[in-house]
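Asks: Need a 3D model of the sequence below.
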Amino acid sequence: MSLDYSHDPPRDHKDLLVRKDHPYNAEPNPTDLIRNFITPERYFFCRSHGFIPDLDEAAHEIAVEGIHVTPHVFSVNELKTRFPKKSVMMAMQCAGNRRDGLHQVKHTEGVIWGPCAVANAVYSGCRLKDVLESVGIAEAMGHSAKLHVAFQSMEQCEEDQCYGSSIPLSKALDEFGDVLLAYEMNGAPLARDHGFPIRVVVPGYIGARSVKFLKSIRVQDKESSAYYQQHDYKILPESVANEKQAEGYWSITPSIGEYNVQSFVCSPPAGMIVDIPEGKTTKIQGYALSGGGRSIQRVDVSGDDGQTWVQAELQSQSDNEKTSAYTWSWSLWTVEMKVIPGVRVVSRAVDSAGNIQQEFPVWNYRGVMNNAWRTVERENGV
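Replies: From the prediction side, this is the model:
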């Protein structure tokens, strides 16, 4: 499909590295990413699958329909005024974050993201749970593993008529799941690049499930049939190396929901210091996060290629600041330590369920969910 990008919003105020011009995909420098615990829009990565819709909030409507639903069309104003407003601090991470680490192993298909397709923000809006219950969905329906909530976007895409995705109804109805129909980010109306006038935000899940420019919600007995639910954002077996081979696996490979435990060294750049006086320590900084509401318990940092590790100091959202039962936000971390000149500093995070980052990359064709602490180069440059 040929798409017109001439009306995309201006982006002169952003300080991002462009990974793809059309559709626009960009991320900040690692050192800029960790300047703020709450990521300002200037440094907030942009993930697009098509041109950015230019929507009128006053005229925009969201249709809700499906199994056991009394169909209703909501205006943005009705969502703002009829339902209580809730704010949730959460990390938004693209499933392709750190795809470059897998692409160095072998060719991957997709935007070659570095380590900064992730950010931390406060989203505000109404709970999806409240909206669904207002149209007849009972909380007990969330006990069924067969039911899903499918979202469609106003965003026209190159691979599909429009962007679409879904989540289990159990997540949408979870009292503590904090799924929002958000109309604000960091106390301001959503920017066009981030889903104006309204978007879904699904804490603890990959960003692909947080559909922007929302136009419809449907309760149904299967996942979304959209391209991005069925033919993307899945961890294919390592034996799958091209589109033809992938065709036999899309329908039998689960869609990704929660993201895995993750951390990365953002400073010094590339995790490496070339020249440092012997015995002198240096400040190492980075981020860590985990999906599913799991908090970061520890970040270990190594300056000698994983032979020894030093525990970093964490900056995390305090319990007094939380509006949720679970941890949806990231942690930033800092450590002063000795490093070996020319040896890359690496980090590994441990979450509250005891999950720990793996050492080596697990390559997959779509290059998703890379959380290895070690970087591996291609053999013979292939």
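Asks: Let me know the pLDDT of residue 269.
Replies: You'll see residue 269 listed with a pLDDT of 88.
Asks: My guess is it contacts residue 33. True?
Replies: No - using C-beta atoms under 8 Å, residue 269 is not in contact with residue 33; the gap is 11.6 Å. All C-beta atoms are positioned from the backbone trio N, CA, C, and that covers glycine.
Asks: Closest to the centroid, which residue in the chain?
Replies: residue 93 (2.1 Å; C-alpha atoms, centre = their mean).
Asks: quick one: that one from residue 218, how far?
Replies: 26 Å (C-beta to C-beta, to the nearest Å).
Asks: and the residue lying farthest from the centre of the chain, what helix or strand is that in?
Replies: Going by C-alpha atoms, centre = their mean, the residue of the chain most distant from its centre is residue 278, 39.7 Å out. Assigned by DSSP states H and E, residue 278 falls within no helix or strand.
Asks: Check the one 10 residues further on too.
Replies: Residue 288 belongs to strand 281-289 when assigned by DSSP H and E.
Asks: Go ahead and name everything in contact with that strand.
Replies: Strand 281-289 is contacted from outside by 30, 33-34, 91, 93, 118, 259, 261-268, 273, 276, 296, 299, 301, 303, 312, 314, 329-339, 345, 347, 349, using C-beta atoms under 8 Å, 6 or more residues apart in numbering.
Asks: buried stuff in it?
Replies: Buried residues in strand 281-289, counted by 16 or more other C-beta atoms under 10 Å: 284-289.
Asks: What is the nearest of these to residue 64?
Replies: Of all the buried residues of strand 281-289, residue 64 sits closest to residue 289, with 30.9 Å by C-beta to C-beta.
Asks: Nearest spatial neighbour of that closest one, chain-adjacent residues omitted?
Replies: Leaving aside its chain neighbours, residue 289 sits nearest to residue 330 (4.0 Å; criterion: C-beta to C-beta, 6 or more residues apart in numbering).
Asks: With residue 267 instead?
Replies: residue 285 (4.3 Å).
Asks: and the one you found, bridged to which residues?
Replies: Going by DSSP bridges, residue 285 is paired in beta bridges with residue 267, residue 334.
Asks: The one 4 residues further on too?
Replies: Beta-bridge partners for residue 289, by DSSP bridges, are residue 262.
Asks: contacting residues around residue 129?
Replies: 139, 172-175, 177, 179.
Asks: and those, which are buried?
Replies: By neighbour count, with 16+ other C-beta under 10 Å, the contacts of residue 129 hold 172-174, 177, 179 as buried.
Asks: okay, the residues you listed in JSON lines with pLDDT and distance to residue 59 next?
Replies: Below are those laid out as JSON lines (pLDDT from 0 to 100; distance: C-beta to C-beta, whole Å):
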{"residue": "172", "pLDDT": "98", "distance to residue 59": "26"}
{"residue": "173", "pLDDT": "98", "distance to residue 59": "30"}
{"residue": "174", "pLDDT": "97", "distance to residue 59": "32"}
{"residue": "177", "pLDDT": "97", "distance to residue 59": "30"}
{"residue": "179", "pLDDT": "98", "distance to residue 59": "25"}
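Asks: among those, which are in helices?
Replies: Counted as lying in helices by DSSP state H, out of these, are 172-173.
Asks: Pull the most distant pair out of the buried ones among the contacts of residue 129.
Replies: With C-beta to C-beta as the measure, no two of the buried ones among the contacts of residue 129 lie farther apart than 173 and 179, at 8.7 Å.
Asks: quick revisit: for the residue nearest to residue 289, give me its contacts.
Replies: 91, 118, 120, 287-289, 296.
Asks: Between its first and last residues, how far does stretch 269-277 reach?
Replies: Chord length of stretch 269-277, first to last residue, is 18 Å (C-alpha to C-alpha, to the nearest Å).
Asks: tell me which residues in it are buried?
Replies: 271, 273.
Asks: ok so residue 216 is a helix residue?
Replies: No - read with DSSP: H, G, I helix; E, B strand; the rest coil, residue 216 is strand and lies in no helix.
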